[in-house]
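> quick check, what structure comes out for this input:
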Amino acid sequence: MPISTPNPTTGKLPIRDILPALLTLLALAAALKLQGHDYSFRWLLLALLLLSSLLAGKIIAGYRRSLTLPMNGPIAAYALFFLWASLSLLWSPVPSDSLLVLLNYLAGLLAMLLGFWLSPRQRHCFRLLLVPLALILVSLTCYQTFALDIQRPAGLMLNWNTHAAFLSMLVLPFCAAFLIRALDGGNTWPVGILIAACTLAMSLTLSRGVVLGSGLGLGLLLYAGWKNGCTGKTLLSLAVWFSAGYLLHDGALSARLFQPAGGMDIGAVSSGRNRLWVVGWQMYLDRPLLGWGPGMYPWLYPQYRDAASGYEIGQFVHSDYLQFLLELGPVGLLAFLMFIALLVRQAWRSYHRDGNPRNRLIGLGCFAAILSVLLHTAFSFDLHQPAVLVLLGLYTGMLSRRDPAIAIAGCIPKRRMTRSGYYSISAALALAAGLVLLSLFISFHAVHLATLAKTPDDRLRNLLTTERFAPFMEANYSHQAAVIIDILKNPKNHIPLQDARDLVAFGLAKADTAIEKNPLNSINYRLRAELLSASAATDRERQAVVDNYHQCLRLNPYDIDARLHLVTFLEINDREQEAYQVLFSGLNKGYRAKFKKGLLLLKIDHSIELSATRAQKRIIREQIDALGDAMIRTNNDPHQQRQRLFRPEGAGLQSLSFTGEIPAGLCAGFPRAPWEPILERSRVP
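Residues are numbered from 1 along each chain as shown. As a prediction, the model looks like this:
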């Protein structure tokens with residue numbers, strides 16, 4: 001008997017039911033491969049192409065039949081949320097990045113419509129295909145843990161918590177299938193083994209939040225199973241199978257679960273997330289009405305970051321509801337909360353109005369999976385992962401289709417337009433959407449080729465291809481400016497003076513365009529400063545270099561590269577007092593990942609210790625030693641290299657403080673600036 005069926009099925013599934021389900025699964029698998037807004041974004045574009053193709057096929061095939069759309073319920077609320085997020089492009093400081101986040105939200109909306117339009121057999125086939133996907137993810141998780149010796153495996157994702165949340169969205173419908181098999185009198189042990197394997201993979205991630213969400217979902221299913229006639233033996237068996245995966249683990253998760261039990265420290269309970277929440281709340285207070293725009297948190301984070309925080313990179317606030325609030329404002333958050341409220345009401349209504357225990361448990365399994373991730377995402381960023389959104393959307397669409405009280409607007413196109421007109425409009429819309437997605441795909445693929453290119457010429461050629469297909473992307477221009485700087489810095493390049501000036505002008509044009517498209521990216525100002533410094537001959541030009549470096553440090557005070565470059569430039573131009581101030585304003589920043597550059601900064605401080613007291617000298621030496629030991633321990637430990645979790649106690653710049661007059665001659669003994677040899681060569685007749 002199949003794992004779960006909406007109705008008893010006999011015979012083979014026809015290809016017209018298998019193919020849409022298989023393409024839907026491929027879209028979900030492609031979404032799993034996204035790992036940021038780099039070239040891996042191609043996978044989300046592929047998922048969108050598959051989802052839109054399936055929807056286009058449904059629309060084209062619906063000429064003779066009625067096309068239906070849900071006019072109320074959670075799908076309509078999510079569409080309102082997406083509409084508001086789209087409007088926020090008008091006030092977003094970086095529309096290009098906001099657009100990429102919107103494509104992620106769009107994947108969830110398309111998945112909801114697809115789940116709503118799938119037939120019962122297609123939904124049944126899709127649930128069957130989730131089994132091999134779950135087995136692949138479980139096998140990959142075990143391989144990463146036991147073969148690669150990764151402490152917290154992340155599967156195909158970058159984060160282990162989102163990986164565990166995705167697995168919980170798979171295992172809870174399997175639990176519903178377990179109860180259905182028991183009601184039908186079938187063997188439950190194959191499903192039980194599958195459930196235990198999934199929970200084992202979840203336990204290997206050491207994710208505590210997923211235990212809360214999946215545990216609540218399991219409790220709902222056990223209660224529903226008891227109400228629908230399952231025996232106590234069946235319910236106990238399901239609980240044992242679910243717990244078996246956690247019991248098979250060595251207890252590391254249990255130790256992590258009860259670690260903060262001895263105190264009430266919110267930092268221990270939240271694993272430091274409370275620092276990110278404070279930062280996110282401050283961002284919201286600075287723009288409380290409309291929000292900053294989708295995807296703006298990582299660009300704003302360096303300006304608000306707490307120096308004592310262990311988070312050097314704040315890609316997400318680790319609470320999707322707070323991130324919706326600060327990026328989309330109260331309207332965006334309320335729209336999403338309305339989606340959750342309508343989803344809960346719809347699940348409750350469908351459960352109580354459907355008298356078939358099989359249908360009840362199937363619907364409740366989908367709802368339990370959604371509820372699990374909605375609880376976990378209060379402490380994580382699951383809703384910014386397209387695979388989670390796609391699966392959530394499919395489950396939501398399936399639940400909406402089962403709701404007998406949902407208002408549906410339908411029309412039969414055959415009665416309103418000719419066949420040729422309907423097909424022409426449908427084909428034109430599908431072609432336009434396909435061309436847009438194809439252009440973006442080519443653009444991100446060119447970015448990937450640029451990363452693989454071995455010569456600057458090849459890198460520039462691929463980046464120019466990206467610029468042609470996606471001119472709105474700021475990263476294209478900043479990457480081109482960086483390539484120009486690499487060419488100018490390379491001592492093997494003997495560049496004539498005029499050619500060097502042309503390269504600088506080209507790079508400055510690209511840097512200016514990048515700043516125009518993303519005024520929050522500190523790297524763009526650093527690139528502009530480096531290019532200006534290559535040809536700065538007057539006091540005004542040199543001051544422009546300093547101003548760009550200062551703007552870079554205002555946007556990101558933790559950019560140690562820009563700080564050291566600025567200190568070097570000021571020292572070369574006999575502005576030692578300013579160099580000293582810039583250097584000391586870089587203290588108390590808690591540099592974590594860039595141990596080598598942090599050590600360099602401390603050694604520079606060590607060189608001016610003549611102005612320090614004996615106690616201050618001792619502090620400097622101790623921190624240099626601690627930071628050096630941290631480098632050694634990190635380089636010798638593959639776990640920490642891979643996961644980048646290591647943060648040594650006392651290593652950092654938090655405890656340094658100096659008083660007294662700032663002496664001159666701070667940076668004596670600095671190596672020559674990297675642009676000096678280039679200028680010297682370029683001045684040769």
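
> number of residues surrounding residue 277?
Residues contacting residue 277 under the criterion other C-beta atoms under 10 Å number 16. All C-beta spots, glycine's among them, are computed from the backbone N, C-alpha and C.

> buried ones in the helix or strand hosting it?
When elements are defined using DSSP states H and E, residue 277 is found to belong to helix 273-286. Using 16 or more other C-beta atoms under 10 Å as the test for burial, helix 273-286 gives 273, 274, 275, 276, 277, 279, 280, 283, 284.

> can you name every helix or strand that the helix or strand residue 400 falls within contacts?
Take DSSP H and E as the rule and residue 400 turns out to sit in helix 386-402. Counting by 3 or more C-beta pairs under 8 Å, 6 or more residues apart in numbering; DSSP states H and E, the packing neighbours recorded for helix 386-402 are helix 15-32, helix 41-61, helix 74-87, helix 95-117, helix 160-184, helix 320-353, helix 357-376.

> so which of those helices is the most packed in?
Across those, averaging neighbours per residue (mean count of other C-beta atoms under 10 Å) puts helix 160-184 on top, at a mean of 26.

> number of nearby residues for the closest residue to residue 439 other than its chain neighbours?
Taking C-beta to C-beta, 6 or more residues apart in numbering as the measure, residue 439 lies nearest to residue 469, with 4.6 Å between them; neighbours along the chain are not counted. By the measure other C-beta under 10 Å, the count of residues near residue 469 is 17.

> and residue 543, by the same measure?
Using other C-beta under 10 Å as the criterion, residue 543 is surrounded by 13 other residues.

> distance of it relative to residue 448?
As judged by C-beta to C-beta, to the nearest Å, residue 543 and residue 448 stand 39 Å apart.

> likewise residue 157?
19 Å.

> neighbour count: the two, which is higher?
Of the pair residue 157 and residue 448, residue 157 is the one with more neighbours under other C-beta under 10 Å, namely 21 against 16.

> looking at it, that one is touching residue 166, isn't it?
Yes: with the criterion set as C-beta atoms under 8 Å, residue 157 and residue 166 qualify as a contacting pair; they are 7.3 Å apart.

> assign residue 472 to helix, strand or coil.
Under the three-state scheme (DSSP: H, G, I helix; E, B strand; the rest coil), residue 472 adopts coil.

> if I pick the closest residue to it other than its chain neighbours, what's in contact with it?
Excluding its sequence neighbours, the residue lying closest to residue 472 (C-beta to C-beta, 6+ apart) is residue 96, at 4.7 Å. Listed by C-beta atoms under 8 Å, 6 or more residues apart in numbering, the contact set of residue 96 reads 472, 473, 474, 517, 518.

> any idea how far the third one is from residue 363?
It refers to residue 474. With distances defined as C-beta to C-beta, the gap from residue 474 to residue 363 amounts to 44 Å.

> check the gap between residue 485 and residue 526 for me.
In this structure, residue 485 and residue 526 are separated by 10 Å, where distance is defined by C-beta to C-beta.

> now the contacts of residue 96 in TSV, with neighbour count, pLDDT and distance to residue 170?
As requested, these are exported to TSV (neighbours: other C-beta atoms under 10 Å; pLDDT from 0 to 100; distance: C-beta to C-beta, whole Å):
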residue	neighbour count	pLDDT	distance to residue 170
472	12	82	36
473	24	83	34
474	21	85	37
517	22	92	39
518	22	92	37
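
> export those residues as CSV, with columns for distance to residue 460.
Conversion of the contacts of residue 96 to CSV gives the following (distance: C-beta to C-beta, whole Å):
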residue, distance to residue 460
472, 19
473, 15
474, 17
517, 18
518, 20
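
> for the host helix or strand of residue 130, what is the average pLDDT?
Under the criterion DSSP H and E, the helix or strand holding residue 130 is helix 120-142. Helix 120-142 shows a mean pLDDT of 93 in the predicted model.

> flag every buried residue along that helix.
Taking 16+ other C-beta under 10 Å as the basis for neighbour counts, the residues of helix 120-142 that come out buried are 121-131, 133-134, 137-138, 140-141.

> check stretch 444-452 too.
Neighbour-count burial for stretch 444-452, counted by 16+ other C-beta under 10 Å, picks out 444, 445, 446, 447, 448, 449, 450.

> between residue 485 and residue 526, which has more neighbouring residues?
More crowded of residue 485 and residue 526, by other C-beta under 10 Å: residue 526, with 28 against 20.

> my read is that the more buried one contacts residue 564, right?
No: assessed by C-beta under 8 Å, residue 526 is found out of contact with residue 564, at 10.9 Å.

> any chance you could read off phi and psi for residue 495?
Backbone dihedrals for residue 495, given as degrees, to the nearest 10, come out at phi -100, psi 120.

> can I get stretch 24-31 in PDB, CA atoms only?
Taking only C-alpha atoms (Å, rounded to 0.1, in the frame of the first residue of the first chain), the coordinates of stretch 24-31 have been written out as PDB:
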ATOM      1  CA  THR A  24       7.400  19.900  -8.900                       C
ATOM      2  CA  LEU A  25       9.900  17.700  -7.000                       C
ATOM      3  CA  LEU A  26      12.700  18.900  -9.300                       C
ATOM      4  CA  ALA A  27      11.800  22.500  -8.600                       C
ATOM      5  CA  LEU A  28      11.900  21.800  -4.800                       C
ATOM      6  CA  ALA A  29      15.300  20.000  -5.200                       C
ATOM      7  CA  ALA A  30      16.700  23.000  -7.300                       C
ATOM      8  CA  ALA A  31      15.600  25.400  -4.600                       C
END
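
> what about the residue lying closest to residue 204 once chain neighbours are set aside, distance to residue 138?
Using C-beta to C-beta, 6+ apart and skipping the chain neighbours, the partner closest in space to residue 204 is residue 145 (4.9 Å). If you measure residue 145 against residue 138 using C-beta to C-beta, the figure is 11 Å.

> swap in residue 340?
Distance of residue 340 to residue 138, computed by C-beta to C-beta: 29 Å.

> could you do residue 112 as well?
For residue 112, the distance to residue 138 under the criterion C-beta to C-beta works out to 27 Å.

> checking residue 586 next. Helix, strand or coil?
Per three-state DSSP, the local secondary structure of residue 586 is coil.

> count the residues that sit near residue 457.
Close neighbours of residue 457, defined as other C-beta under 10 Å, add up to 11.

> what's downstream of the one helix or strand it maps to, the next helix or strand?
Residue 457 belongs to helix 456-469 when elements are defined using DSSP H and E. Following the chain from helix 456-469 toward its C-terminal end, the next helix or strand by DSSP H and E is helix 474-489.
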